[in-house]
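Asks: return a 3D structure for these sequence lines:
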Amino acid sequence: MAFAHLSAAKFAQEYDPRDGTGLLIIGKIGTGKTHLAVGITKELILSKGISCLFYDYRELLKEIQNSYNATVQTTELDVLRPVFEIDVLVLDELGAVKPNGVGLGHGEPDPEHALQRQPHDHHYDKF
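Replies: Reported below is the predicted structural model:
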């Protein structure tokens, strides 16, 4: 975990939103991937003023799918606009569910989770 912490600190310190660099954190359940991603996100926000967004991948998919519900007044673009406009996007639990043909997942956790951060980001519930 020490190597992961050092790598995360270096990434946050050297991050430049103009270069399009991303980060993928992969590991087994309970190894601190989300904690590490939140730490990077907080550092980017507090030290560099970089806008960040944190999303649970499954929740984002649900919101996108729900935007197609005729009774909902939210469009897919309404859901995705913050994702497109942010500097850093953290997608948590990206590999946590095996996708089915529709991409909803079977609810079966993979042995490894993935957290992906790309040149877009999300907020971590309440910073």
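Asks: could I get the lengthiest helix in the chain in PDB with only the CA atoms?
Replies: In the chain, with assignment by DSSP state H, the single longest helix is helix 33-48. Only the C-alpha atoms of helix 33-48 are listed here, as PDB (Å, rounded to 0.1, in the frame of the first residue of the first chain):
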ATOM      1  CA  LYS A  33      -8.900   1.900  -4.000                       C
ATOM      2  CA  THR A  34     -11.800   4.300  -3.200                       C
ATOM      3  CA  HIS A  35      -9.900   5.800  -0.300                       C
ATOM      4  CA  LEU A  36      -6.900   6.400  -2.500                       C
ATOM      5  CA  ALA A  37      -9.000   8.000  -5.300                       C
ATOM      6  CA  VAL A  38     -10.800  10.300  -2.800                       C
ATOM      7  CA  GLY A  39      -7.400  11.400  -1.400                       C
ATOM      8  CA  ILE A  40      -6.200  12.200  -4.900                       C
ATOM      9  CA  THR A  41      -9.400  14.000  -5.700                       C
ATOM     10  CA  LYS A  42      -9.300  16.100  -2.500                       C
ATOM     11  CA  GLU A  43      -5.700  17.000  -3.200                       C
ATOM     12  CA  LEU A  44      -6.500  18.200  -6.700                       C
ATOM     13  CA  ILE A  45      -9.400  20.200  -5.400                       C
ATOM     14  CA  LEU A  46      -7.700  21.800  -2.400                       C
ATOM     15  CA  SER A  47      -4.200  22.300  -3.700                       C
ATOM     16  CA  LYS A  48      -4.800  23.000  -7.400                       C
END
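Asks: so which residues of this protein form helices?
Replies: Along the chain, counting by DSSP H, helices occupy 2-14, 33-48, 57-66, 76-85.
Asks: wait, which of the ones you listed is closest to Asp92?
Replies: helix 33-48 (5.5 Å; C-beta to C-beta). C-betas here are computed from N, CA, C, even on glycine.
Asks: which strands or helices does the closest one pack on?
Replies: Counting contacts by 3 or more C-beta pairs under 8 Å, 6 or more residues apart in numbering; DSSP states H and E, helix 33-48 packs against helix 2-14, strand 23-28, strand 52-56, strand 88-92, strand 112-118.
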